[in-house]
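**Student:** kindly return the folded structure for what I paste below:
(one chain, ligands or ions: 1)
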Amino acid sequence: MARLSEEQYHVPVMLTECMDLLSIRCGYTYADATLGGGGHSAEILKRIEEQCARSTDQTGLLISTDADEVAIAKCTSRFAEYLDVQPPLFKIVHANFSELPSVLEGHILGGVLFDLGVSSFQFDHHERGFSFRANAPLDMRFTPTGKNAADIVNTYSEAELTDIFYRYAEDPSSRRIAKVIVQSRNLSPIYTTFDLRELVVQVVPTQHQSKTMARIFQALRIEVNNELQRLESTLHRMIQMLAPTGRIVVMSYHSLEDGIVKNVFKEYSDASSKVVSLLTKKPITPSANEVSQNPRSRSARLRAIERL
Ligand SMILES: C[S@@+](CC[C@H](N)C(=O)[O-])C[C@H]1O[C@@H](n2cnc3c(N)ncnc32)[C@H](O)[C@@H]1O
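**Tutor:** Here you go, the predicted model:
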């Protein structure tokens, strides 16, 4: 299996920890909801092969989805040899993970992995507009349909923008940033990452600018892709679809995402309606060694449950 492109595309975070929690067994279908560069999918495939090599009458299947067609195209080429075998071992589906209930219908679901957010490839390919560090159209969509980040900053009311920035960015400058956006767009629309960056710079003290811009850009991305609502509804559906002893493993990079994962897992593990058990009482975080090798892993929080 080609390893090089995986490294360039995205370094998979807490790979061993995720695999230990997924605890792959033969005879089940697994889903990687966020294929990205395929780092986690490659390891799941390896483990399915290892497990099923010992079994003569059972197979395993991995179905991986991503909303981003570039990720789909890259992984379709990377995993070509795995996509054309009988019985099927691997399927790649271009879909939002909110469509997983229909993608996985009829399968005996052994586990689902979510590695949320954006890949390094998406972040570093500046034309997507995810980063404030390079000038590009203010887009931020995983799939090129629906409203983009420029539509939001040019059409939402000042109150709506303030609300998004407070809720998703939790930034003390939220109100000031929303105000300067509305004042500026009345003179000329905001089209690019640098148009937005210039406005943030006007109202935020120099020492806070990088942190605030990172938060404001992330908040817009969350709104553009409706990330929190999709995560919550998909987690509910996946818990209901899991086979007994099946597992859900989620890695999040934002406190609101982690809060949703924690609350949904808690709801199903509470004594009154216990349908899952918590495999992680507290979130697992990357080791100091991993963070030093891959600083982008630093905010990762890993939680998992098992269906009873
Ligand atoms: C952190 S990366 C995953 C990296 C991957 N685990 C790897 O090892 O290469 C997150 C990926 O999830 C995708 N994604 C984010 N939200 C999604 C959603 N709601 N539905 C489908 N894909 C999504 C992004 O396009 C991105 O490719």
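**Student:** what residues does the stretch 201-308 of the chain have near the ligand?
**Tutor:** Counting by C-beta under 6 Å from any ligand atom, the residues of the stretch 201-308 of the chain lying close to the ligand are residue 230. (C-beta placed from N, C-alpha, C; glycine too.)
**Student:** go again using 8 Å as the cut-off
**Tutor:** When proximity is defined as C-beta under 8 Å from any ligand atom, the stretch 201-308 of the chain approaches the ligand at 225, 227, 230, 231, 234, 251, 253.
**Student:** ok, and the most crowded of the residues you listed?
**Tutor:** Counting neighbours by other C-beta atoms under 10 Å, residue 251 comes out on top of these with 29 neighbours.
**Student:** tell me the strands beside the helix or strand hosting that residue, with direction?
**Tutor:** Taking DSSP states H and E as the criterion, residue 251 maps to strand 242-252. Note on strand 242-252: by DSSP bridges, its sheet partners are strand 109-115 (parallel), strand 301-307 (antiparallel).
**Student:** burial count for residue 203?
**Tutor:** Residues near residue 203, counting by other C-beta under 10 Å: 16.
**Student:** from what I can see it touches residue 177, true?
**Tutor:** Yes: if you go by C-beta atoms under 8 Å, residue 203 and residue 177 touch, sitting 6.0 Å apart.
**Student:** burial of residue 305, as a residue count?
**Tutor:** Applying other C-beta under 10 Å, we find 27 other residues in the vicinity of residue 305.
**Student:** need the contact list for it.
**Tutor:** 239, 247, 248, 265, 268, 269, 276, 277, 278, 279 (C-beta atoms under 8 Å, 6 or more residues apart in numbering).
**Student:** 10 Å instead?
**Tutor:** By C-beta atoms under 10 Å, 6 or more residues apart in numbering, the contact list for residue 305 reads 21, 235, 238-239, 242, 246-250, 261, 264-266, 268-269, 275-280.
**Student:** ok, back up a step: give me the common contacts of residue 203 and residue 177.
**Tutor:** residue 212.
**Student:** circling back to that earlier point, so which of the strands paired with strand 242-252 is the most packed in?
**Tutor:** Among the strands paired with strand 242-252, strand 109-115 has the highest mean neighbour count (mean count of other C-beta atoms under 10 Å), at a mean of 25.
**Student:** quick one on the thing from earlier: okay if I get the strands paired with strand 242-252 as JSON lines plus mean pLDDT?
**Tutor:** Shown next, in JSON lines, are the strands paired with strand 242-252 (pLDDT from 0 to 100):
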{"stretch": "strand 109-115", "mean pLDDT": "98"}
{"stretch": "strand 301-307", "mean pLDDT": "98"}
